[in-house]
Each structure stands twice: as C-alpha cells, then as structure tokens.
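Trainee: I need the structure of the sequence given here:
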Amino acid sequence: MHGGYREGSGRKPILESDKKKNRNIYITDKMYEEIMSLDLEDCNSFSQRCQLLLNESLSKYNTK
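Mentor: Next up is the predicted model:
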C-alpha cells in the first residue's frame, strides 16, 4: 500500500506578487565580465548578481 494525502505536504504555492518574470537587458561583453568578476557573496549566477546590484542602487534612490 502507498501513502495518501498528508496535510502540509508538497510544494508551497508561490504568491503571484512573488513570482519572478523574465526581463531582457543589453550590455557589452566588458560589462558582463565586470559583473561576473565582482566578489559577491551568495551570488553565483548572472541573474542573482544583477538583482543584488539593482537592489543596492535602488536603495540609494529611494528616500521613502
């Protein structure tokens, strides 16, 4: 016999507001290499690195 439905099992649903969406940007190879050469902790992918850099920059402009 196999197990049945268990309360709380399985993946948790992602809220619509938390879903990431694909965006395109155009950068030079030099800029890409510069981003990838930065020593950023816990950021391995290009996407993670860009998100961190964008969040840091946005926080400087947000005065609220």
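Trainee: Need the pLDDT of the residue positioned nearest the centre of the chain.
Mentor: The residue at the geometric middle of the chain, judged as the C-alpha nearest the mean C-alpha position with CA atoms, centre = their mean, is residue 48 (4.7 Å). Confidence per residue is given as pLDDT, and for residue 48 that number is 94.
Trainee: Which helix or strand contains it?
Mentor: Using DSSP states H and E, the secondary-structure element containing residue 48 is helix 46-61.
Trainee: by contact count, what packs against that helix?
Mentor: Other helices and strands packing on helix 46-61, by 3 or more CB pairs under 8 Å, 6 or more residues apart in numbering; DSSP states H and E, are helix 29-37. Any C-beta I mention is one placed from the backbone N, CA and C, and that applies to glycine too.
Trainee: Spit out the contact partners of the residue nearest to the centre of the chain.
Mentor: With CB atoms under 8 Å, 6 or more residues apart in numbering as the criterion, the residues that contact residue 48 are 40, 42.
Trainee: Roughly how far does it sit from residue 8?
Mentor: Counting by CB to CB, to the nearest Å, the gap from residue 48 to residue 8 is 29 Å.
Trainee: Next, the angle from the lowest-mean-pLDDT helix or strand in the chain to helix 29-37.
Mentor: With mean pLDDT, DSSP states H and E as the measure, the helix or strand of the chain carrying the lowest mean pLDDT is helix 46-61 (a mean of 93). Compare the direction of helix 46-61 with that of helix 29-37 by axes from the mean of the first three to the mean of the last three CA atoms, to 10 degrees and you get 90 degrees.
Trainee: which parts of helix 46-61 are buried?
Mentor: 49, 52 (16 or more other CB atoms under 10 Å).
Trainee: The helix holding residue 48: how far from the chain's middle?
Mentor: 10 Å (CA atoms, centre = their mean, to the nearest Å).
Trainee: can you check stretch 43-56 too?
Mentor: On CA atoms, centre = their mean, the centre of stretch 43-56 falls 7 Å from that of its chain.
Trainee: Stretch 23-31 too?
Mentor: With CA atoms, centre = their mean as the basis, the mean position of stretch 23-31 lies at 17 Å from the chain mean.
Trainee: Extract the CA atoms of it and return them as PDB.
Mentor: Listed next in PDB are the C-alpha coordinates belonging to stretch 23-31 (Å, rounded to 0.1, in the frame of the first residue of the first chain):
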ATOM      1  CA  ARG A  23      13.400  40.600 -18.500                       C
ATOM      2  CA  ASN A  24      15.900  41.400 -21.100                       C
ATOM      3  CA  ILE A  25      18.700  43.900 -20.900                       C
ATOM      4  CA  TYR A  26      21.500  44.600 -23.400                       C
ATOM      5  CA  ILE A  27      25.000  45.000 -22.100                       C
ATOM      6  CA  THR A  28      28.500  44.800 -23.500                       C
ATOM      7  CA  ASP A  29      30.800  41.800 -23.000                       C
ATOM      8  CA  LYS A  30      33.000  44.100 -20.900                       C
ATOM      9  CA  MET A  31      30.200  45.000 -18.600                       C
END
